[in-house]
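**Q** Make a model of this:
(chains A and B)
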Amino acid sequence: MFGFDMAEALKVFVIGFGGVFSCLVILMFSVMIFGKVVGLFVKKEKNS
Amino acid sequence: MDWSVVAEVIKSTGFLNITLGNVVMWVIAFTFIFLAITKNYEPLLLVPIGFGIFIVNLPLTNLMHEDHLLWVFYHFTIYKWDLLPPIIFMGIGALTDFGPVLSNPKTLILGAAAQFGVYVAFFISLFLGFNLQEAACIGIIGGADGPTTIFLTAQLAPHLLGATALAAYSYMALVPIIQPPIMRFMTTEAERKIKMKQTRPVSKLERICFPLLATGIICLLIPESAPLMAMMMLGNLFKECGVVDRLSNTASNELINIVTIFLSLCIGAAMPAELFLQKESLFIFCLGLVAFAFSTFGGLVLAKTFNLFLKEKINPLIGSAGVSAVPMAARVSQVVAAKDDKRNFILMHAMGPNVAGVIGTVSAAGLFLTLLR
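**A** Model prediction:
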C-alpha cells in the first residue's frame, strides 16, 4: 500500500519520539531530586 | 608557432568547461555571501559555506576529488570520522548556561515536545519516496541544530549532507521570521501576557554536577548520542567548574571558530551542481520548513497543555523556544511576549526549553542512529 515499510517507520516514530520524551523525563526527575538533595545539603551547611 | 599548444592550454582552463549548473551554484554562493555581509544572516557560517559552494563549482579544480584539499577535510573530518560536530558541541557546551533548566526542570519536557516536527517531516519524507535513513536526516532539520544534522546525515545519508546542513543553518537564521506567526496563531493575547515568577537561584554545586549527571543519564540511555552529548557536557563542565578557564575559553572561542571554518567550508564543498541541483534538494528545503514549523507547534501545544494542570501558569510562548536554535529561539519568545506587554520578561524562562531542545535533538539523533544504522 505504501512505498515504504510502514511498520518499520512506526517503530522508529514510537521508539524515537517516545524515547526522547522518556530520556528528558528521566533527566527532569533526576535534576529535581538532585536539586532537593543539594538544597538540603546547602541549608545544613548554612545552619552549621 | 605551434598553435596546438595554445589550444591545449586554453582547453585546460576551466572557462571552456563551465556548465549552466555551475553558474546556478555560483549565484546561490554569491547570494549567501551577500546575505551574510549585507544582512548579517549567520555570517560566521554563510561566508565560508558560500565560498565553499563557489570553489567546488569551479570546473577542473577538482577540490573535492579524492586526495585533494577539500576532499581530505570533508572525508576525514566529517564523512569518515564525524569529528567536527562533536568538537563544535564542546564549544556550545562551554557557551551554554544550563541554569534555567536547573531552576525549572519542567522545561526539559518542552524541549522534547519541540522534536515533534522531526517526526512529522520524517513521515512526509517517506511518503515522498525517501528511504528511512534519508527521511531521518531530513526530519532532524526540525531540531534546528546544524551540527546534529551534519552528525546524523554524515552517518546515515552522506549524499544529502549539503542540502540538509544548508537547510538547517538557513532555517536557524530564519527563526525570527518563521516562528512569530505560528506563535501568535497558536496563542491568545491573554496567554501571551502571562507573567512568570523569577527563577530560583542555582547553586554552584548543581551547575558543576549537572554535566556529569546529564552525560551519565543520556549516554547510558542512548549510547549513540554519546559523541555529541559527552562533548557538550565536557565543554559545560569546563565553564562551570571555574578552575580551567583557559580550556573553557579555548573551547568557546578559538577552537569553535577554527572548527566552524572547516565545517562550513566542507558543507559548501558538499554541494557540487550535479549533486545539489536535483528535485530532492528542493524537497529537503520544503520539508525542513515543515519540520521547523511543526517543532514550534509541538512546543507551544505542550506548554498550553501544561497550563491545564499547573497552578502557576507558564507563558506558552516559552514552548516554541524548544527548537534548539540557541539563543535565537528564546529571544524570539521574548520579542513576541514584549509586543503585547513591554514589561513581560520571559527570556530566562525561555532559555530552559531552548537548551533542553539541544539535548532533545541530540537524543532524537542518537535514537535514529540506534534504529537505522
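
**Q** Where does the prediction get shaky in chain A?
**A** Confidence mapping of chain A against pLDDT under 70 gives the ranges A:1, A:43-48.

**Q** May I have stretch B:206-217 as PDB, with CA atoms only?
**A** Taking Å, rounded to 0.1, in the frame of the first residue of the first chain, the C-alpha atoms of stretch B:206-217 are listed here in PDB:
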ATOM      1  CA  GLU B 206      24.300  22.000  41.000                       C
ATOM      2  CA  ARG B 207      25.900  23.700  38.000                       C
ATOM      3  CA  ILE B 208      29.000  21.600  38.300                       C
ATOM      4  CA  CYS B 209      27.200  18.300  38.800                       C
ATOM      5  CA  PHE B 210      24.700  18.800  36.000                       C
ATOM      6  CA  PRO B 211      27.000  18.000  33.100                       C
ATOM      7  CA  LEU B 212      28.100  14.800  34.900                       C
ATOM      8  CA  LEU B 213      24.500  13.800  35.700                       C
ATOM      9  CA  ALA B 214      23.200  14.600  32.200                       C
ATOM     10  CA  THR B 215      26.100  12.800  30.500                       C
ATOM     11  CA  GLY B 216      25.600   9.700  32.700                       C
ATOM     12  CA  ILE B 217      21.900   9.500  32.100                       C
END
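
**Q** How far off centre is it?
**A** Centroid displacement of stretch B:206-217 relative to its chain, using CA atoms, centre = their mean, to the nearest Å, is 23 Å.

**Q** Show me what from chain A comes close to chain B.
**A** Those residues of chain A that sit near chain B, judged by CB under 8 Å from any CB of the partner chain, are A:2-5, A:8-9, A:11-13, A:15-17, A:19-32, A:34-35, A:38, A:41-42. Bear in mind the C-beta positions are built from the backbone N, C-alpha and C, glycine included.

**Q** could you redo the last one with a cut-off of 7 Å?
**A** Counting by CB under 7 Å from any CB of the partner chain, the residues of chain A lying close to chain B are A:3-4, A:8-9, A:12-13, A:15-17, A:19-21, A:23-28, A:30-32, A:34-35, A:38, A:42.

**Q** tell me which residues in stretch B:18-27 are buried?
**A** Residues of stretch B:18-27 classed as buried: B:Asn22, B:Met25, B:Trp26 (neighbour count, 16 or more other CB atoms under 10 Å in any protein chain shown).

**Q** Among those, which one lies nearest to B:Gly298?
**A** Nearest to B:Gly298, judged by CB to CB, of those is B:Met25 at 34.5 Å.

**Q** Please compute how far the one helix or strand that closest one maps to lies from its chain's middle.
**A** Element membership for B:Met25, per DSSP states H and E: helix B:20-38. Here the centre of helix B:20-38 is set off from its chain's centre by 21 Å, with CA atoms, centre = their mean.

**Q** For whatever helix or strand comes next after that helix, the averaged confidence score.
**A** Heading C-terminal from helix B:20-38, the first helix or strand you meet, by DSSP H and E, is helix B:43-56. Helix B:43-56 comes out with an average pLDDT of 93.

**Q** by contact count, what packs against helix B:43-56?
**A** The contact analysis (3 or more CB pairs under 7 Å, 6 or more residues apart in numbering or on different chains; DSSP states H and E) places helix B:43-56 against helix B:20-38, helix B:256-269.

**Q** Highest mean neighbour count out of these?
**A** helix B:256-269 (a mean of 22; mean count of other CB atoms under 10 Å in any protein chain shown).

**Q** tell me the angle of that helix relative to helix B:43-56?
**A** Using axes from the mean of the first three to the mean of the last three CA atoms, to 10 degrees, the inter-axis angle of helix B:256-269 relative to helix B:43-56 is 40 degrees.

**Q** wait, B:Gly143 sits on B:Ala112?
**A** No: using CB atoms under 7 Å as the test, B:Gly143 is too far from B:Ala112 to be in contact (11.1 Å).

**Q** list the contacts for the residue nearest the centre of chain B?
**A** Nearest to the mean C-alpha position of chain B, counting by CA atoms, centre = their mean, stands B:Asp145 at 1.9 Å. Residues near B:Asp145 by CB atoms under 7 Å, 6 or more residues apart in numbering or on different chains: B:Ala168, B:Ser324, B:Val358, B:Thr361.

**Q** B:Gly111 too?
**A** By CB under 7 Å, 6+ apart, the residues touching B:Gly111 are A:Leu24, B:Gly322, B:Pro353, B:Ala356, B:Gly357, B:Ile359, B:Gly360.

**Q** I'm done for today, thanks for sticking with me.
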